[in-house]
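Engineer: need the 3D shape of this:
(one chain, ligands or ions: 1)
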Amino acid sequence: MRHARATCVTVSIDRVDFREPIHIGDLVIMKSAVNFAGRTSIEVGVRVEAEHLNTGERRHTNTAYVTFVAVDRNGRPIPVPEVVPETDEERRRFEAAQQRRQRRLDDERTGRSA
Ligand SMILES: CC(C)(COP(=O)(O)OP(=O)(O)OC[C@H]1O[C@@H](n2cnc3c(N)ncnc32)[C@H](O)[C@@H]1OP(=O)(O)O)[C@@H](O)C(=O)NCCC(=O)NCCS
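Structural biologist: As a prediction, the model looks like this:
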């Protein structure tokens, strides 16, 4: 919503893998970034880490890619600002997001789920 400055609804969540357990008492840290924007949709990458509060050890436990669509008051898709990647990391995320988007659209066409 901060990127679009509009109401956004979730249209798709890619497969979520649980790489490691998160234990009771761990601090859960979620980092997210807007990776890519299409005409009306935005891909946000989310990285979840668990921090052991006594030792400070941090583990990467989950990653997920969530696609949102900006909508007007009638729930119809509306255009979003483009994403202009500036750093190498942003360019890498942008390109990877483009490939995932293509796969999602292909899967949608063939009726497969992500
Ligand atoms: C999101 C919604 C408005 C899109 O409507 P739609 O008729 O599919 O709209 P469009 O076909 O114009 O697609 C809009 C955008 O969504 C993208 N999209 C559609 N289905 C998608 C899917 N399964 N995965 C990823 N992106 C998808 C399209 O690629 C398009 O992106 P672009 O404009 O950047 O190219 C509609 O599907 C909806 O209201 N869904 C319910 C949302 C909801 O209730 N979410 C809560 C879940 S907890």
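
Engineer: look up phi and psi at the residue of the chain found nearest the ligand.
Structural biologist: Here the residue of the chain nearest the ligand is Gly38; by C-beta to the nearest ligand atom that distance is 2.2 Å. Using the backbone N, CA and C atoms, a C-beta is placed for each residue, glycine as well. Phi and psi for Gly38, reported as degrees, to the nearest 10, are phi -90, psi -140.

Engineer: and it, what does it touch?
Structural biologist: Applying C-beta atoms under 8 Å, 6 or more residues apart in numbering to Gly38 gives the contacts Val80, Arg101.

Engineer: look up how far Thr10 lies from it.
Structural biologist: 15 Å (C-beta to C-beta, to the nearest Å).

Engineer: the longest strand along the chain packs against which elements?
Structural biologist: Selection of the longest strand in the chain by residue count, based on DSSP state E, yields strand 58-71. Helices and strands touching strand 58-71, by 3 or more C-beta pairs under 8 Å, 6 or more residues apart in numbering; DSSP states H and E, are strand 7-13, strand 17-18, strand 41-51, helix 88-110.

Engineer: hmm, it in reach of the ligand?
Structural biologist: Yes: Strand 58-71 reaches the ligand (C-beta under 6 Å from any ligand atom) through Thr67, Val69, Val71.

Engineer: let me see the mean pLDDT of that strand.
Structural biologist: Across strand 58-71, pLDDT averages out at 96.

Engineer: likewise for stretch 93-105?
Structural biologist: 94.

Engineer: contact partners of it?
Structural biologist: 12, 14, 33, 35-36, 38, 43, 45, 65, 67, 83, 85, 114.

Engineer: mark which of those are buried, thanks.
Structural biologist: Ser12, Asp14, Asn35, Phe36, Gly38, Glu43, Gly45, Tyr65, Thr67, Val83 (16 or more other C-beta atoms under 10 Å).

Engineer: tell me the SS of the residue of the chain positioned farthest from its centre?
Structural biologist: Computed with C-alpha atoms, centre = their mean, the residue of the chain farthest from its C-alpha average is Asn54, at 30.0 Å. Classification of Asn54 using DSSP: H, G, I helix; E, B strand; the rest coil returns coil.

Engineer: quick one on the thing from earlier: most packed of the helices and strands packed on strand 58-71?
Structural biologist: Among the helices and strands packed on strand 58-71, strand 41-51 has the highest mean neighbour count (mean count of other C-beta atoms under 10 Å), at a mean of 19.
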